[in-house]
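Chemist: Task: produce atomic coordinates for the following.
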Amino acid sequence: MNLSLLTDFYELTMAGGYLKNGRENRTACFDMFFRKVPDRGGFGIMAGLEQLVDELEHLSFSHDDIDYLRSLSLFDEAFLQYLSNFRFSCDVWAVPEGTPIFPMEPIVTVVGPVAQAQLIETLLLITINYQSLVATKANRIVRATQGRPVLEYGARRAHGASAAVYGARAAYIAGCAGTSCTLAGKRFGIPVTGTMAHSWVQNFDTELEAFEAYARQFPQNCVLLVDTYNTLQSGVPNAIKAFDSVVVPAGFRPRAIRIDSGDITYLSKKARRMLDEAGYPDCEIIASNSVDEYIIRDLFIEGARVDMFGVGERLITASSDPVFGGVYKLSALADETGTLQPRIKLSDNVSKVTIPCRKQVWRLFDRHTGKALADVVTKFDEVVDDRGDYEIFDPDHTWKRKTVTDFIARPMLHPVMQDGKCVYGRPSIEEIRAYAAEQNATLWDEVCRLENPHAYYVDLSAPLWEERDRLLKKHAL
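Modeler: Residues are numbered from 1 along each chain as shown. As a prediction, this is how the structure comes out:
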């Protein structure tokens, strides 16, 4: 699909204005960052970069696009000709997919002709915001299950086909074990999973007949949905009968039962006892039924006996906090000599004041434990020297300072496109997933709390703080 017009209209009017004023090729630097973590969590998870690079590499305006814009009678022919010949030629730097990310630090930086960098704003934000939102939610749910697998079951509740497919991708990156979305499985190599719906059971004269028919078809992977009529009085007993009469005689062991309604804690405890007494202690119990990280946490506090979770609408829509508020702001603009000069946006809302300059983000890791200590946002040409001590300070409360010792500093923004062409080795989804798990393990447990997490430090370097302070004073009225 050609997504060139997936743009807010003002991006086109501004691009046309740049061209009219001879400013379209002036080099600009834009940053994408977000201001708060959804669900008041401790961190987000970066996702969507591969799709962003794919779209930017192939971005062009078709004859139909130009004809539509011409029909609006707002753009002159010079601008329409500019779009007809459009080729994205910016440099793009980004944090790798799967990385834990924190508010106010750049996660994508675009440097290039201002008209081009402006035109991609909506496409960039919709791509990174949605997948990062779902990855962040999935990460929270996976952490709540205490090592038990989570299956993404949200396709039918997703806000459109693309959301179903790319949401499944993001969830898998963040730690889900599989998806019910077959197209996502085909496109990205994600393990697909699924059993039966209640309609399967209703299609047969009896529940036992339905279970036995399914078991004959899939004896090697028999998972039975036991709550169509009565979970404990008929569902689990009939499942056990089907295991006895079909699955075991075929030389297999039953895979699981699934409970999709009712009191999961009570039903799972009773079902576990019934399965154990029937000789199936290895038969797992899967729970679905609109669960999320908070319900899952409470289930385990109550002693639920659940081995795996299927999570649908509350994951794919991130319904408890369904916006990943990434924004895209100008941070530097070239002067007449081509030198990037810092730009800042002020606001009565302090959280909306931007950080000027082209920037790099450095993550500081304890040299012995490997744990992440803090992030430092610097000017692009700064290097955080980890051969000695380094002082960090709160950029808003500058008297709060700490000297970091015996650490390793790693840059977090890496080049992914140069002159509009992909320049990074595209990792496989399994590599991204493994990297995400590895990076998640560098965070302290206190940062990973579902509620009231410890605030991870994101500080500014002294030169960057001084530049911001200078611009704040310069533009203050």
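Chemist: for the longest helix anywhere in the chain, the distance to its chain's centre please.
Modeler: As assigned by DSSP state H, the longest helix anywhere in the chain is helix 121-144. In this view, helix 121-144 has its centroid 3 Å away from the chain centroid, taken as C-alpha atoms, centre = their mean, to the nearest Å.
Chemist: ditto for stretch 55-63
Modeler: With C-alpha atoms, centre = their mean, you get 25 Å for stretch 55-63.
Chemist: That one: end-to-end distance?
Modeler: 18 Å (C-alpha to C-alpha, to the nearest Å).
Chemist: What are the buried residues along it?
Modeler: 55-56, 59, 61 (16 or more other C-beta atoms under 10 Å). Yep, even glycine has a C-beta here, placed from its N, CA and C like the rest.
Chemist: what's the answer for stretch 247-259, then?
Modeler: Of the residues in stretch 247-259, those buried (16+ other C-beta under 10 Å) are 247-248, 252, 254-259.
Chemist: give the contact list for S84.
Modeler: With contact set as C-beta atoms under 8 Å, 6 or more residues apart in numbering, S84 has these partners: 61, 66.
Chemist: again, only using 10 Å
Modeler: 60-63, 65-66, 77 (C-beta atoms under 10 Å, 6 or more residues apart in numbering).
Chemist: Please flag which of those sit within helices.
Modeler: Filtering the contacts of S84 for helices - DSSP H - leaves 63, 65-66, 77.
Chemist: List the buried residues for stretch 365-377?
Modeler: 365-366, 372-377.
Chemist: Could you point out the member of the buried residues of stretch 55-63 that lies closest to V458?
Modeler: L56 (26.9 Å; C-beta to C-beta).
Chemist: any idea of the pLDDT on that closest one?
Modeler: L56 carries a pLDDT value of 97.
Chemist: which secondary structure elements does the strand or helix carrying it contact?
Modeler: Secondary structure from DSSP states H and E places L56 in helix 49-57. Helix 49-57 is packed against strand 91-94, strand 108-113, helix 121-144, helix 161-173, strand 414-418, strand 421-422, helix 429-440, with contacts defined by 3 or more C-beta pairs under 10 Å, 6 or more residues apart in numbering; DSSP states H and E.
Chemist: hang on, the earlier thing: same for the helix or strand just after the longest helix of the chain, what does it pack against?
Modeler: Once the chain leaves helix 121-144, the next helix or strand it forms, by DSSP H and E, is strand 150-152. Packing contacts for strand 150-152, counted by 3+ C-beta pairs under 10 Å, 6+ apart, involve helix 121-144, helix 161-173, strand 178-179, strand 308-311, helix 313-316.
Chemist: among the ones you listed, which is nearest Y229?
Modeler: It's strand 308-311; of the helices and strands packed on strand 150-152, that one is closest to Y229 (C-beta to C-beta) at 20.0 Å.
Chemist: Please spell out which residues along that closest one are buried.
Modeler: So strand 308-311, judged by 16+ other C-beta under 10 Å, has buried residues 308-311.
Chemist: who's in contact with that strand?
Modeler: Contacts of strand 308-311 (C-beta under 10 Å, 6+ apart): 137-138, 141-142, 144-145, 148-154, 171, 176-178, 180, 193-195, 223, 256, 258, 260, 264, 284-293, 295-296, 299, 315.
Chemist: tell me the average confidence for it?
Modeler: 97.
Chemist: tell me the domain ranges of this structure?
Modeler: 9-134+322-475, 194-307 (automatic domain parsing).
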